[in-house]
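J.: Sequence and predicted structure, then a few things I'm wondering about:
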Amino acid sequence: MRWLPLAPSVLVVAVLFVYPLLHFLRFSFDTLHEGRLIRGFSFDAYRAFAGEAYYWLNVWTTLKLAAVVTLVCMAVGYPLAYAIWSVRSPRARRWASFAVMSPLVVSVVVRAYGWLVLLGRQGAANYLLQRAGLTHQPIALINNLTGVVIATVHVLLPFMVFPLLAALDRVDVSLKEAAADLGAPRWQVFRAVTWPLTLHGLAAGAQLVFPLALSAYVTPQLLGGGRVLVLSTLIYQTTINVNWPIATVASIVLMLMTVLATLALLQITRRSGRARGLQPR
Amino acid sequence: MMMGRHVRALVRASVAACALLVAASLAAWSDRGAAAADAPVHLTMFVFAAAGHMDVPEAVVRAYMQAHPNVKVDFVESSNAKTFPQQLAAFKTAPDKPFIDIGYYNADTTTKGLVNDMWQPLDASKIPNLKTIDAQFRQPQDTGVEFAYGPFGLIYNKQLVKRPPTSYADMWGNPAFQHKVVLWDYVLEPVMLAALFNGGSGTNIMPGFQMWSQHTDQIATFIHSNQELENALVGGDGTLAFFDLQIATLWAKQGAPIGTAIPKEGAVAWPLFIEVTRGETPAQLAVLDDLINELIAPDTLTKYSAATLYVPTNRRLPLPANVAAAYPPGALKKVINLDWMSLAKNTDGWNQLWDTMIKAKVH
């Protein structure tokens, strides 16, 4: 009877998620012949996916994009979170947090188009680079991985900053004070006290950013110019082309990658949290 | 005597009752006929969202609805690429409940629908205006109506391109357009053109794939929508593309620095079709026959042509003045007809070649 309150949610998930997913997976066993979908039970699509280097290129680029975006978000997000955490005024801190969160208020499509304009050959970025004398002619900042990474980092940075902020908030200030009292310089206090105690925040942020970057679609589609080959755009294109068997297999691969990445990062988050012996502030 | 009066009364009453019965039956029969004729018919019509393409069909259909209050038509304005997969999925799941009943389609989706046996053959005897469509544009078994075509050619950025292109070969062979050619993703017509002019044919486009594979450095980007194409050309990230000359002309009129060129090989006829999905009820089919007859009537096609700059396949119609003026003299005389059915049948294999021979090399 204790499980009875769960019944409505289980029913909703079963009907609106599990059943459509199984119905969708059914297409992976169909075949495509002369443009016509043939219902059947065949592993041709799986064999075709496994045997074609082009599809593995999509898998590799998807992983590469997610990894690069996550690392850049860590590199940019940690100092940003630390700077916000260091702000003493609560009001200033709220405004700073809002500034970090503000990209989420705007639709990702609008943001992607905005980056297209900013990073285009005649966009503001190239204009500033040329004015500063750093380049002599426009450089390609879109229709490649560079533009996709820039725009995706912009989209996903809040998901790295806020877990880090939460982790920083949980650092016991008295530990830092004790280290300083014992003669440790600021950089050593950071390295020996703050950094280890906030690693789980970094892992939590990666746990959010990496799967989201794996499945990013709008940004690679618009800023990649068809030259950044990721699984999400492959799925879209094969669906439009009525090659639903391949679209389904690619979707299965993407789902598996996302699940495995999430589980791996969850393990890292748990271990780093236990190992550092978290103390509330 | 009394008995006789009673009998006469009985007979009069019986005759009256019979008369009433007959009258009631007649009334019921005519009511039934009237009810069938007025039975509500609900249809969903797809029109693709492109400059001017919705206006004339919508006006015709709304006028039809006013004249036939029992008919209700809902419009779906979107793109072929987005709507067709939904239609196909619905057709595979519930073939007797079409998601779209009638629609305007390009060659790509029309042929995909044909190979999946989705389109309803039309009864020419119920659509008199079908006879006005030129014989070369009539479809086998009248599976749909090819009612117009738009000339496709080359479009370019007028500010950045010093010498306008003169041939389709400029796309894959002119160094002036290196890293500047914008291609529609998985739109194989540039490959078919490269094949046609390099020893291939409509069924063998491998020479075209080989040509493009050797010149992938010509490609700037792959796009998926009209808006992306316009952005790429206006922004200068690409300067040359194979596209609809009518839409490009409208962009130029709206201020975009875009020029159009009919290559020396001729424009490509990009056909448009009206298709009815299989699975319609007899009542729906009757209304659809009427609607199609209206939509391909000579005056409707003339208005459509004037609004979209597409050329009617009723060749006896004089071209509207703005259509004749929109294209260079003689541009509409020499038109390349691509093998759309071959494209539909070979799409899955050719798309794989697009991936492995072109996109993988551009990556």
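T.: Yep, that arrived. Quick caveat: nothing in here was measured; it's all calculated off a predicted structure.

J.: okay, CA-based contacts and neighbour counts for the rest of this
T.: Fine.

J.: top strand in chain B by residue count?
T.: strand B:145-157 (DSSP state E).

J.: quick one, what contacts the closest residue to chain B within chain A?
T.: The minimum distance from chain A to chain B, using C-alpha to the nearest C-alpha, falls at residue A:34 (4.2 Å). The contact partners of residue A:34, by C-alpha atoms under 8 Å, 6 or more residues apart in numbering or on different chains, come to B:115, B:344, B:345, B:346, B:347, B:348.

J.: Any chance of a markdown table for those, columns neighbour count?
T.: Formatted as a markdown table, those follow (neighbours: other C-alpha atoms under 10 Å in any protein chain shown):
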| residue | neighbour count |
| --- | --- |
| B:115 | 18 |
| B:344 | 23 |
| B:345 | 19 |
| B:346 | 16 |
| B:347 | 25 |
| B:348 | 20 |
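
J.: for the record, mean pLDDT for the longest strand of chain B?
T.: Strand B:145-157 carries an average pLDDT of 92.

J.: Extract the CA atoms of that strand and return them as PDB.
T.: Output of strand B:145-157 as PDB, limited to C-alpha atoms (Å, rounded to 0.1, in the frame of the first residue of the first chain):
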ATOM      1  CA  VAL B 145      -1.200  17.000 -60.000                       C
ATOM      2  CA  GLU B 146       2.000  18.700 -61.100                       C
ATOM      3  CA  PHE B 147       0.600  22.100 -61.400                       C
ATOM      4  CA  ALA B 148       3.600  24.500 -61.600                       C
ATOM      5  CA  TYR B 149       7.300  24.500 -61.600                       C
ATOM      6  CA  GLY B 150       9.800  27.100 -60.400                       C
ATOM      7  CA  PRO B 151      13.100  27.600 -62.200                       C
ATOM      8  CA  PHE B 152      16.100  26.900 -60.000                       C
ATOM      9  CA  GLY B 153      19.500  28.300 -60.900                       C
ATOM     10  CA  LEU B 154      22.400  29.900 -59.200                       C
ATOM     11  CA  ILE B 155      22.100  32.700 -56.600                       C
ATOM     12  CA  TYR B 156      25.000  34.700 -55.200                       C
ATOM     13  CA  ASN B 157      26.100  37.600 -53.100                       C
END
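
J.: Going by neighbour count, list what's buried in stretch A:215-230.
T.: For stretch A:215-230, a neighbour-count test (16 or more other C-alpha atoms under 10 Å in any protein chain shown) marks A:215-230 as buried.

J.: What ranges does the stretch 51-200 of chain B have for its helices?
T.: Ranges of helices within the stretch 51-200 of chain B are B:55-67, B:80-93, B:107-115, B:169-173, B:189-196, based on DSSP state H, counting those that start in this stretch.

J.: Oh, that last question was meant for the stretch 201-350 of chain B, not what I typed.
T.: Under DSSP H, counting those that start in this stretch, the stretch 201-350 of chain B gives helices at B:206-214, B:226-235, B:245-253, B:282-295, B:298-308, B:321-326, B:340-353.

J.: Check which helices and strands the third one sits against.
T.: Applying 3 or more C-alpha pairs under 8 Å, 6 or more residues apart in numbering or on different chains; DSSP states H and E, we find helix B:245-253 packed against strand B:145-157, strand B:258-261.

J.: Need the CA coordinates for that helix. CSV is fine.
T.: The C-alpha coordinates for helix B:245-253 follow below in CSV (Å, rounded to 0.1, in the frame of the first residue of the first chain):
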residue,chain,number,x,y,z
LEU,B,245,15.2,31.9,-58.4
GLN,B,246,11.7,33.1,-57.4
ILE,B,247,12.5,33.2,-53.7
ALA,B,248,15.9,34.7,-54.3
THR,B,249,14.3,37.4,-56.4
LEU,B,250,11.9,38.2,-53.6
TRP,B,251,14.8,38.4,-51.1
ALA,B,252,16.5,40.8,-53.4
LYS,B,253,13.4,43.0,-53.6
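
J.: Distance to chain A and mean pLDDT added to the helices of the stretch 51-200 of chain B, as TSV?
T.: Shown next, in TSV, are the helices of the stretch 51-200 of chain B (distance: least, C-alpha to the nearest C-alpha, whole Å; pLDDT from 0 to 100):
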stretch	distance to chain A	mean pLDDT
helix B:55-67	26	95
helix B:80-93	6	86
helix B:107-115	6	86
helix B:169-173	18	97
helix B:189-196	15	95
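
J.: could I get these as a markdown table with distance to residue B:46?
T.: Converted to a markdown table, those look like this (distance: least, C-alpha to C-alpha, whole Å):
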| stretch | distance to residue B:46 |
| --- | --- |
| helix B:55-67 | 10 |
| helix B:80-93 | 8 |
| helix B:107-115 | 12 |
| helix B:169-173 | 33 |
| helix B:189-196 | 24 |
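
J.: Among those, which comes closest to residue B:150?
T.: helix B:107-115 (11.1 Å; C-alpha to C-alpha).

J.: Mind listing residues that contact the closest one?
T.: Contacts of helix B:107-115 (C-alpha under 8 Å, 6+ apart): A:34-36, B:80-81, B:84, B:88, B:119, B:270-273, B:275, B:340-341, B:344-345.

J.: Residue B:222 reaches residue B:185, doesn't it?
T.: Yes - counting by C-alpha atoms under 8 Å, residue B:185 is a contact partner of residue B:222 at 5.1 Å.

J.: Pick out whichever of the two has more residues nearby.
T.: Each of residue B:222 and residue B:185 has its neighbours counted (other C-alpha atoms under 10 Å in any protein chain shown); residue B:222 has more, 26 against 18.

J.: measure residue A:200 to residue B:189 for me?
T.: Residue A:200 is 53 Å from residue B:189, where distance means C-alpha to C-alpha, to the nearest Å.

J.: Who has more neighbours out of the two?
T.: Neighbours were tallied for residue A:200 and for residue B:189 using other C-alpha under 10 Å; the higher tally belongs to residue A:200 (25 against 19).

J.: Surely that one is in a helix?
T.: Yes - the assignment for residue A:200 is a helix, going by DSSP: H, G, I helix; E, B strand; the rest coil.

J.: tell me, which of the buried residues of stretch A:215-230 make contact with chain B?
T.: A:225, A:226, A:227, A:228, A:229 (C-alpha under 8 Å from any C-alpha of the partner chain).

J.: Need these in TSV (columns: secondary structure and pLDDT).
T.: Output for those, formatted as TSV (DSSP: H, G, I helix; E, B strand; the rest coil; pLDDT from 0 to 100):
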residue	secondary structure	pLDDT
A:225	coil	90
A:226	coil	89
A:227	coil	92
A:228	coil	94
A:229	coil	95
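
J.: Figure out the length between the terminal residues of stretch B:255-274.
T.: End-to-end for stretch B:255-274, by C-alpha to C-alpha: 32 Å.

J.: What residues sit buried inside that stretch?
T.: In stretch B:255-274, counting by 16+ other C-alpha under 10 Å, buried: B:256-263, B:265-274.

J.: and if you look at stretch A:98-107?
T.: Per 16+ other C-alpha under 10 Å, stretch A:98-107 contains these buried residues: A:100, A:101, A:103, A:104.

J.: before we move on, what about stretch B:84-99?
T.: B:84, B:85, B:87, B:88, B:90, B:91, B:95, B:98, B:99.

J.: Quick check: the third one touching residue B:103?
T.: Spelled out, that is residue B:87. No - using C-alpha under 8 Å, residue B:87 is not in contact with residue B:103, being 10.8 Å away.

J.: Write out the residues of the stretch 151-281 of chain A neighbouring chain B.
T.: A:225, A:226, A:227, A:228, A:229, A:239, A:240, A:241, A:242, A:243.

J.: show me what contacts the fourth one?
T.: Right, residue A:228. A:61, A:143, A:144, A:145, A:220, A:221, B:363 are the contacts of residue A:228 under C-alpha under 8 Å, 6+ apart.

J.: distance of the nearest residue to residue B:308 once chain neighbours are set aside from residue B:64?
T.: Spatial nearest neighbour of residue B:308, excluding adjacent residues (C-alpha to C-alpha, 6 or more residues apart in numbering or on different chains): residue B:52 at 5.4 Å. Between residue B:52 and residue B:64 the distance is 20 Å, computed by C-alpha to C-alpha.

J.: related to what we said a few turns ago, just put the helices and strands packed on helix B:245-253 in TSV and tack on distance to residue A:75.
T.: Formatted as TSV, these follow (distance: least, C-alpha to C-alpha, whole Å):
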stretch	distance to residue A:75
strand B:145-157	40
strand B:258-261	42
